[in-house]
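Enquirer: kindly return the folded structure for what I paste below:
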Amino acid sequence: MKKLLSILGTIGLTATSTTSLISCEKPNNNENEGGNKPEPKPTPEPEKLQQPPKNSNWKLVDGFINEKNNDSKKYIGIVKIENGWKIIKWTGKNIEWKYQYKAIYRWDGINEPETPIIDKNTGKITDWKG
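Expert: Take a look at the predicted model:
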């Protein structure tokens, strides 16, 4: 009889501790009573393309360079090469597609444009020069 009571006691304690663990609730980690889901990490916004200054002769080119009457226009593209950002220049629609350009700009001025200055670490244009 003692053995039977001992076995029943052990089974009862095991069932109680298991039940306690299962029903255990964590304190709510959300101030608005939203449940115990972890807070989502904010996703970084995609970088917006840098717009030229107002009244500038530089224009941001959206999409492909299939523009009519722009065979003699000057273009620049910002590209990451190795560990830094650089500006690639060309004339007309013959773009060098081996590069993954961050942005492409067209010069709509009359004279030959000066090449803008960029921050080699970020690829942002710091001086538009025109």
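
Enquirer: how much space between residue 81 and residue 100?
Expert: Distance from residue 81 to residue 100, counting by CB to CB, to the nearest Å: 10 Å. The C-beta positions use only the backbone N, C-alpha and C, and glycine is treated the same way.

Enquirer: check contacts around the closest residue in space to residue 71 that isn't next to it in sequence.
Expert: With sequence-adjacent residues excluded and distances taken as CB to CB, 6 or more residues apart in numbering, residue 71 is closest to residue 92, at 4.7 Å. Counting by CB atoms under 8 Å, 6 or more residues apart in numbering, residue 92 touches 70-73, 75.

Enquirer: mind checking pLDDT for residue 92?
Expert: In this model, residue 92 is scored at 80, pLDDT.

Enquirer: any idea how far residue 116 is from it?
Expert: 19 Å.

Enquirer: setting aside sequence neighbours, what's the nearest residue to residue 84?
Expert: Per CB to CB, 6+ apart, closest to residue 84 is residue 120, 4.1 Å.

Enquirer: wasn't that neighbour part of a strand?
Expert: No - remark: residue 120 does not belong to a strand; assigned using DSSP: H, G, I helix; E, B strand; the rest coil, it is coil.

Enquirer: my read: it touches residue 87, true?
Expert: No - applying CB atoms under 8 Å as the test, residue 120 and residue 87 come out as separate, 10.1 Å apart.

Enquirer: for the nearest residue to residue 112 once chain neighbours are set aside, what are phi and psi?
Expert: In this structure, residue 112 finds its nearest non-sequential neighbour in residue 74, 7.3 Å apart by CB to CB, 6+ apart. With angles defined as degrees, to the nearest 10, residue 74 sits at phi -100, psi 140.
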